[in-house]
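**Q** next come a sequence and a model predicted from it.
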Amino acid sequence: TGAMYRAVTLAANRAGIHPGETDGLKQLVNSLSIRLAPGENGQMVFLNEEDVTSAIRSREVTLHVSQVASHESVRIRLVELQRQLAASRGIVMDGRDIGTHVLPDAELKVFLTASVQIRAKRRYEELKDLEGISLEQLEAEIAKRDLSDEQREISPLVCAQDAIKVDSTELTIDQVVALILDLSRTKLAEAK
């Protein structure tokens, strides 16, 4: 769901709307069509039917997404869209407030975390110097975003009480996937 907040941020950047401009963001978010779809290389993101999968990962979007996401009108609209996505069940959804706000009654909640240093290193590897940013700068930005998201008034970043914490600092992607699949199988077996 973070991709949806990134799409709104991209649209705001393109429209010249400052990330702190409450009224402009409210009007904008209500005019947007945001669609997520499976793709060959993972999730694709469409903003008003334009494929913005790569564009939402730009540095400009990354620097402003937390501020845009802190607006109540943006959160209300995107939570509505996220709940529509989940209505058919059987969906895997990730985001910073899924288990506490968007889907508080989810069948399985995993609070996936890793150290700031490891997350920065992973992001750095994804970017592969495309944006000329240093590892240290990424670490600082990730830590700042975490703090901002933890302190926001609307749907702050917190671990749901019934979530299972998974620290992926020392795990590979395949190990994380296997662990979450095991947790889901266990939850399914318990439900039968």
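**A** Received, thanks. Please read these numbers as outputs of a predicted model, since none were measured by experiment.
**Q** contact partners for I180?
**A** Counting by Cβ atoms under 8 Å, 6 or more residues apart in numbering, I180 touches V110, V166. C-beta: built from backbone N, CA, C; applies to glycine.
**Q** any idea of the pLDDT on it?
**A** What the model reports for I180 is a pLDDT of 95.
**Q** what's the host helix or strand of V8 in contact with?
**A** Assigned by DSSP states H and E, V8 belongs to helix 2-15. Under the contact criterion Cβ under 8 Å, 6+ apart, helix 2-15 has outside partners 18-19, 21, 24-25, 28-29, 32, 34, 36, 43, 45, 47-48, 52, 55-58, 60-62, 64-65, 68-69, 74, 78, 81-82, 94-96.
**Q** please pick the buried ones from those residues.
**A** The neighbour count (16 or more other Cβ atoms under 10 Å) marks 19, 21, 24-25, 28-29, 32, 34, 36, 45, 47, 52, 55-58, 61-62, 64-65, 68-69, 74, 78, 81-82, 95-96 as buried among the contacts of helix 2-15.
**Q** from K144, how far out is M4?
**A** To K144, M4 is 21 Å away according to Cβ to Cβ, to the nearest Å.
**Q** for L78, grab phi and psi.
**A** Backbone dihedrals for L78, given as degrees, to the nearest 10, come out at phi -70, psi -30.
**Q** which residues does it contact?
**A** L78 touches T1, M4, Y5, V8, V29, I34, counting by Cβ under 8 Å, 6+ apart.
**Q** pLDDT on whichever strand or helix holds V65, on average?
**A** Under the criterion of DSSP H and E, V65 resides in helix 59-69. Across helix 59-69, the average pLDDT comes to 91.
**Q** contacting residues around that helix?
**A** Contacts for helix 59-69 (Cβ under 8 Å, 6+ apart): 2, 5-6, 8-10, 12-13, 19-20, 25, 55, 74-75, 131, 133, 141, 145, 148-149, 152.
**Q** what about burial for these, which qualify?
**A** Buried among the contacts of helix 59-69 by 16+ other Cβ under 10 Å: 5-6, 8-10, 12-13, 19, 25, 55, 74-75, 133, 141, 145, 148-149, 152.
**Q** and the helices in the protein?
**A** 2-15, 22-29, 59-69, 72-86, 116-127, 135-151, 173-191 (DSSP state H).
**Q** since that was my last question, I'll sign off now.
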